[in-house]
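Q: mind folding the following:
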Amino acid sequence: MPPLRRSAVQALQALLQLAQDPQAWLSVSSVAAAQELPAPMLEQLLLDLRRAGLVEARRGRQGGYRLARPPAAIRVSEVFSAVGAPLDLLEPEAPGARAEQQVVRSLSRRLQQALDRELLGLSLQELLFDLRSWQESLSNDGGVMLG
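A: Predicted coordinates:
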């Protein structure tokens, strides 16, 4: 399976940063610093996410970016699509492929379908829960946040 495109990972990280306080307007520079990303590259990702209706932008000193919808209403598949990062497990067709190769291709198709179903059902809210659990587990008291 190919790794996630870097742009998809960075977009998810930026959205998780915004999701921690969904009503707050965060500047590109503050998100870039928090995520250790170059601001110009992050700006391009945020523009792609805005065009997809996942974030909204506001100009001015009190401006920046924030989520356009609640985290539970943002699907991970939408994020990947917005930044042009399809998850394609299938290899190009090979003429005259052996039976074993066809079985592997069939498995790849099944995995792709399962991945597509999972991504369609997975929301930013669920990733935010995971983020908060990790943050809590890494805190000084080592606690774990449940349900």
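Q: helices or strands up against the helix or strand of the chain with the lowest mean pLDDT?
A: Within the chain, confidence by mean pLDDT, DSSP states H and E is lowest for helix 99-121 among all helices and strands, at a mean of 80. Using 3 or more C-beta pairs under 8 Å, 6 or more residues apart in numbering; DSSP states H and E, the elements in contact with helix 99-121 are helix 76-82. Where C-beta positions appear, they are placed from N, C-alpha and C, glycine not excepted.
Q: list the helices and strands the helix it packs on packs on?
A: For helix 76-82, the elements it packs on are helix 6-19, helix 39-51, helix 99-121, helix 124-137, judged by 3+ C-beta pairs under 8 Å, 6+ apart.
Q: in the second one, what counts as buried?
A: Same thing as helix 39-51. Counting neighbours by 16 or more other C-beta atoms under 10 Å, one finds that the buried residues in helix 39-51 are 42-43, 45-46, 48-49.
Q: same thing with the last one?
A: Using 16+ other C-beta under 10 Å as the burial criterion, the residues of helix 124-137 that qualify are 124, 127-128, 131.
Q: next one: the first one
A: Neighbour counts using 16+ other C-beta under 10 Å place 7-8, 10-19 of helix 6-19 among the buried residues.
Q: contacts only, for Thr76.
A: One correction, residue 76 is Val, not Thr. Neighbouring residues of Val76 by C-beta atoms under 8 Å, 6 or more residues apart in numbering: 12, 119, 122-124, 127.
Q: I'm done for today, thanks for sticking with me.
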